[in-house]
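> Below is the sequence, then the predicted model.
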Amino acid sequence: MPPRRHHEISRLEAFSDAVFGFALALLAVSAEPPESYAQLVDRMSGGLSFACCFTLLVWIWYEHNVFFRRYGLQDAGTIVLNSALLFVVLLYVYPLKFMFDSLFAQWLPRANAPQRMQLWEFANAAAIYSTGFIVIFVLFALLHKRALARREELELSEVEVFDARAAIGHHVISAVVGVVSLAIALVAPLGLAPIAPTAFFLMGPAHFAYGARTGRKRRLLVDQLATDVSAEVPA
């Protein structure tokens with residue numbers, strides 16, 4: 001019999017997908033339709049900022065989808081954590097777009113771009129963005145921790161238990177990178193405030209190193225389990 005977590009899309013997942021769709025819609029409708037060629041060009045010049053926001057939201061949705069496809073939890077604790085996650089996603093849609101618009105306005109001036117911020121304003125805006133990023137990935141880590149705590153009920157295999165622990169590690173790394181950005185925004189001298197958003201480039205090497213390490217361990221675990229099974233088979 002397949003594990004009970006294999007299921008059709010639940011109302012909780014459907015509701016979550018609707019919220020993510022609404023968040024993307026908020027990004028799309030945040031600017032009024034152009035009424036002239038100049039406005040059209042101005043709107044299109046903001047495409048890079050929109051692409052970054054879109055990519056980040058799709059990434060969060062993907063992590064959310066992976067969790068519910070793997071575990072399918074519908075208990076009260078999961079609903080609370082999921083609701084908190086969706087709340088933060090919706091709350092930070094506009095701060096997210098404002099942050100990317102402000103960043104790209106440094107190199108791609110636009111008529112409707114946010115006004116150039118003073119350093120203290122930039123530091124506070126970076127702190128707001130970093131805080132939302134931290135909260136989102138802490139919630140993802142807590143969701144996977146909840147699944148790990150219910151591994152017997154979910155009938156998780158040893159490999160799936162390993163994957164759950166690895167997922168917690170990945171989300172903790174994302175949150176830690178957010179903490180680094182937050183620390184730069186709040187503690188570093190104001191002159192270093194523009195560096196705060198660039199701290200997120202640490203995500204690439206940090207996740208690559210952690211993924212390579214956990215990948216090796218996972219392969220060793222799979223090989224060990226295969227060897228154990230082979231040893232149990234009578235000659």
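Arrived safely, thanks for sending.
> If you rank every helix and strand of the protein by mean pLDDT, what lands last?
Between all helices and strands in the chain, the lowest mean by mean pLDDT, DSSP states H and E belongs to helix 37-45, at a mean of 64.
> Which positions in the following helix or strand past it come out as buried?
Next helix or strand after helix 37-45 toward the C-terminus (DSSP states H and E): helix 47-71. Neighbour counts over helix 47-71 (16 or more other CB atoms under 10 Å) mark 49-50, 52-53, 56-57, 60-61, 63-64, 67-68, 70-71 as buried. The C-beta positions use only the backbone N, C-alpha and C, and glycine is treated the same way.
> Please enumerate residues in contact with helix 47-71?
Residues outside helix 47-71 that contact it (CB atoms under 8 Å, 6 or more residues apart in numbering): 5, 10, 12-13, 16-17, 20, 23-24, 27-28, 82, 85, 89, 93, 96-97, 100-101, 103-104, 108, 136, 140, 143-144, 147, 154, 160, 163, 167, 171.
> Among these, name the buried ones.
Buried residues within those, counting neighbours by 16+ other CB under 10 Å: 5, 12-13, 16, 20, 23-24, 27, 82, 85, 89, 93, 96-97, 100-101, 103-104, 136, 140, 143-144, 147, 154, 160, 163, 167, 171.
> what residue lies at the spatial centre of this protein?
residue 60 (3.8 Å; CA atoms, centre = their mean).
> Distance of that one relative to residue 223?
Between residue 60 and residue 223 the computed distance is 34 Å (CB to CB, to the nearest Å).
> likewise residue 193?
Distance of residue 193 to residue 223, given as CB to CB: 49 Å.
> Look at those two and report which has more neighbours.
residue 193 (23 against 10; other CB atoms under 10 Å).
> any idea how far residue 195 is from the residue nearest to that one when sequence neighbours are not counted?
Of all residues not flanking residue 193 in the chain, residue 123 sits nearest, at 4.0 Å (CB to CB, 6 or more residues apart in numbering). In this view, residue 123 and residue 195 are 10 Å apart by CB to CB.
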